[in-house]
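Trainee: Sequence first, then the predicted structure, then my questions.
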Amino acid sequence: VAYMLFRWILKGLILSFLLKTTLSLNPDDPNVCSHWESYAVTVQESYAHPFDQIYYTRCTDILNWFKCTRHRISYKTAYRRGLRTMYRRRSQCCPGYYESGDYCIPLCTEECVHGRCVSPDTCHCEPGWGGTDCSSG
């Protein structure tokens with residue numbers, strides 16, 4: 001029983017890890033930018049493959065026992081691998097933001113000492129503090 005419980009917990013942990021790593025950015029976040037990217041997919045495709053079909057007809061050729069050889073191009077379905085270009089929309093944080101969970105958080109190159117970063121390189125200082133990094137009292 002303990003072994004089965006251990007396996008069940010382990011499967012749950014793996015599943016939660018996989019779900020966490022496949023989360024996408026929140027599309028309602030105004031700091032999320034997106035673009036189209038192309039990618040190649042290998043596909044199996046059918047095509048009409050030509051081949052020479054030989055057949056015989058009656059004719060006046062005595063040397064060939066009144067049989068003449070004829071040719072015609074016929075087609076049969078064949079398969080080949082091919083590459084198909086597909087497109088998907090990719091979301092990423094806009095410039096000046098970094099990904100945290102499923103949101104894009106503003107990035108300040110200097111730490112906001114007595115305040116918080118509210119947009120790229122812009123600190124909102126606590127009362128009584130000022131300067132670009134909220135370090136001036």
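Mentor: Everything's here; your move. These numbers come from a predicted model, not from an experiment.

Trainee: Point to the residue nearest the middle of the protein.
Mentor: residue 88 (6.2 Å; C-alpha atoms, centre = their mean).

Trainee: Would you mind confirming that residue 68 makes contact with residue 57?
Mentor: Yes. Between residue 68 and residue 57 there is a contact at 5.4 Å, judged by C-beta atoms under 8 Å. Backbone N, C-alpha and C define where each C-beta goes, glycine included.

Trainee: Look at these two and report which has more neighbours.
Mentor: Taking neighbours as other C-beta atoms under 10 Å, residue 68 and residue 57 compare with residue 68 leading, 12 against 9.

Trainee: strands paired with the helix or strand residue 68 falls within, and their directions?
Mentor: Counting by DSSP states H and E, the element that carries residue 68 is strand 67-93. According to DSSP bridges, strand 67-93 forms sheet pairs with strand 32-58 (antiparallel).

Trainee: how many other residues sit next to the residue nearest to residue 36 when sequence neighbours are not counted?
Mentor: Nearest non-adjacent residue to residue 36, counting by C-beta to C-beta, 6 or more residues apart in numbering: residue 87, 5.3 Å away. Per other C-beta under 10 Å, the neighbour tally for residue 87 reads 9.

Trainee: show me what contacts residue 87?
Mentor: By C-beta atoms under 8 Å, 6 or more residues apart in numbering, the residues touching residue 87 are 36, 37, 38, 39.

Trainee: Could you measure from it over to residue 71?
Mentor: Counting by C-beta to C-beta, to the nearest Å, the gap from residue 87 to residue 71 is 45 Å.

Trainee: Can you tell me the closest non-neighbouring residue to residue 102?
Mentor: Using C-beta to C-beta, 6+ apart, the closest residue to residue 102 is residue 26 (4.8 Å).

Trainee: SS state for the one you found?
Mentor: coil (DSSP: H, G, I helix; E, B strand; the rest coil).

Trainee: Can you give me the neighbour number for it?
Mentor: 14.

Trainee: same deal with residue 53?
Mentor: 12.

Trainee: where's the residue of the chain positioned farthest from its centre relative to residue 69, distance?
Mentor: Farthest-out residue of the chain from its mean C-alpha position, per C-alpha atoms, centre = their mean: residue 62, at 68.4 Å. Separation of residue 62 from residue 69 (C-beta to C-beta): 15 Å.

Trainee: I appreciate the help and will end here.
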